[in-house]
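In: I'll drop the sequence and a predicted model, then ask my questions.
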Amino acid sequence: MKVLIDSNVVLDILLKNTGLYTGSMAVFAHAEKNLINGYISASAVTDIFYISKKRHGKEIALKSIKKILQVFQPATVTGDDIFKALDLDWSDFEDAVQYVVGESFALDYIVTRNISDFSKGKIPAVTPEHFINIISEN
C-alpha cells in the first residue's frame with residue numbers, strides 16, 4: 001500500500017504533539033517495518049525542517065529530517081505538478097500540490113489531520129488513527 005504522509009502528520013512526530021503523536025508514530029512504525037510505502041511531498045520537506053528547526057534547533061532538525069527520510073520517501077514535485085495544482089483552485093495550495101503528487105505516484109491514501117482539505121480529490125484522505133484501522137482490517 002502506497003500512502004502520502006501530510007506534513008502535519010510528520011510534524012506530530014517531530015514535535016511530539018500531545019494527543020496526536022501516538023497515531024502518527026504508529027503510521028511511521030508501519031512504514032519503518034516496510035508494511036506500507038510512505039511518501040512525503042518533496043516540497044513539504046523544507047517546511048517540516050523549518051518548523052522543526054524553530055522548535056529544536058538546526059542539528060536536531062537535520063537529524064530528524066534524515067531519520068524521517070529513511071522511512072518516508074520524498075515524492076518528487078515537478079513543474080507540471082505545480083501547474084496542475086494551480087488549476088485545481090483549492091483553498092490551500094500546499095494541499096493541492098500534495099494531492100497532485102499523490103495522483104502522479106498513484107497513491108492509495110493521503111494520511112492527514114486535515115481530511116476536509118482533500119475532500120475535492122479522488123484519493124481518500126484519512127487520519128493516522130483511521131489509517132491504522134484500515135491496515136489492521138487488511
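Out: Thanks, I have it.
In: can you tell me which residues contact residue 119?
Out: Contact analysis of residue 119 by Cβ atoms under 8 Å, 6 or more residues apart in numbering lists residue 125. Glycine gets a C-beta too; all of them are placed from N, C-alpha and C.
In: for residue 105, phi and psi?
Out: Note on residue 105: backbone dihedrals following degrees, to the nearest 10 are phi -100, psi 0.
In: What is the burial count for it?
Out: For residue 105, the neighbour count with other Cβ atoms under 10 Å is 18.
In: Would you mind measuring from residue 9 to residue 87?
Out: According to Cβ to Cβ, to the nearest Å, residue 9 and residue 87 sit 26 Å apart.
In: More neighbours: those two, which one.
Out: Set residue 9 next to residue 87 and count neighbours by other Cβ under 10 Å: residue 9 wins out with 28 against 10.
In: element containing that one, please.
Out: Residue 9 belongs to helix 7-14 when assigned by DSSP states H and E.
In: just the helices in the protein please.
Out: Applying DSSP state H to the chain gives helices spanning 7-14, 21-32, 42-56, 58-71, 79-88, 93-104, 128-137.
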